[in-house]
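Participant: What follows is a predicted structure for the sequence shown.
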Amino acid sequence: LPLVNVCEEHCTGCTLCALDCPYNALEMVARDDDSGHKFLAIAKPEMCVSCGICVGSCNWDAITLGDSSPDIVWQAIAMHLGMAKAKAPETPVRLIFTCDRHAAQGARPFLNQDAPVMVGDTAVEIVTVPCVGTLLPDTLLRALDAGAQDVQILGCPPDDCRNREGNVWIE
């Protein structure tokens, strides 16, 4: 599993990632460079469980899982919207974001379909993420701006989140 990584040049020292991480896999230290920011997030990979909640905390693209760019979520959204529109042109698209655990337990039959999954007159496309807490706060708005008619987020059942707090953080 990819572990937490900090892109120092993007870190503003806001402390949100360290506060949100349920596993203490990030700590804030005094910054000693000319960035103009007081703190810098430092990764503690030995504490990381790859939930991505810290990624969802950072609006500055400073936190990643592994070497993947935070933009990978937006590339996935564009890909899923494109696939849904190719499968069902002229049909509104609903994006459903779900954690990979939920997908494995209930949504797997709906993934990677050749024909669109239809609910009424709407094509449904499912996007899996490590944890719904990985999603940035503006994910819904950006998905709607990218062409989705409707967006939903489905996390783990209450009190049964693999990453402890995914549903809490996405709320």
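Facilitator: Happy to help now that I have it. Numbers count the residues shown, from 1 in each chain.
Participant: Return the helix or strand in the protein with minimum mean pLDDT.
Facilitator: Among the helical and strand segments of the chain, the one scoring lowest on mean pLDDT, DSSP states H and E is helix 166-170, with a mean of 66.
Participant: Show me what the biggest helix by length in the chain packs onto, helices and strands only.
Facilitator: Longest helix in the chain, counting residues (DSSP state H): helix 72-87. Under the contact criterion of 3 or more CB pairs under 8 Å, 6 or more residues apart in numbering; DSSP states H and E, helix 72-87 touches strand 93-99, strand 122-129, helix 139-145. For the C-beta atoms, the positions are set from N, CA and C on the backbone; glycine is no exception.
Participant: What would that helix look like as CSV? C-alpha coordinates only.
Facilitator: The C-alpha coordinates for helix 72-87 follow below in CSV (Å, rounded to 0.1, in the frame of the first residue of the first chain):
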residue,chain,number,x,y,z
ILE,A,72,-5.0,11.5,-9.8
VAL,A,73,-8.5,11.8,-8.2
TRP,A,74,-9.4,14.4,-10.8
GLN,A,75,-8.0,12.3,-13.6
ALA,A,76,-10.2,9.4,-12.3
ILE,A,77,-13.3,11.6,-12.2
ALA,A,78,-12.7,12.7,-15.8
MET,A,79,-12.1,9.1,-16.9
HIS,A,80,-15.3,7.9,-15.3
LEU,A,81,-17.4,10.7,-16.6
GLY,A,82,-15.9,10.1,-20.1
MET,A,83,-16.7,6.3,-19.9
ALA,A,84,-20.2,6.9,-18.7
LYS,A,85,-20.9,9.5,-21.5
ALA,A,86,-19.4,7.1,-24.1
LYS,A,87,-21.6,4.2,-22.8
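Participant: That one versus strand 93-99: what angle between them?
Facilitator: 140 degrees (axes from the mean of the first three to the mean of the last three CA atoms, to 10 degrees).
Participant: Quick one: mean pLDDT over helix 72-87.
Facilitator: Throughout helix 72-87, pLDDT has a mean value of 81.
Participant: can I get the helices and strands packed on helix 72-87 in TSV with mean pLDDT and distance to residue 1?
Facilitator: Compiled in TSV, these are given as follows (pLDDT from 0 to 100; distance: least, CB to CB, whole Å):
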stretch	mean pLDDT	distance to residue 1
strand 93-99	88	14
strand 122-129	84	13
helix 139-145	87	22
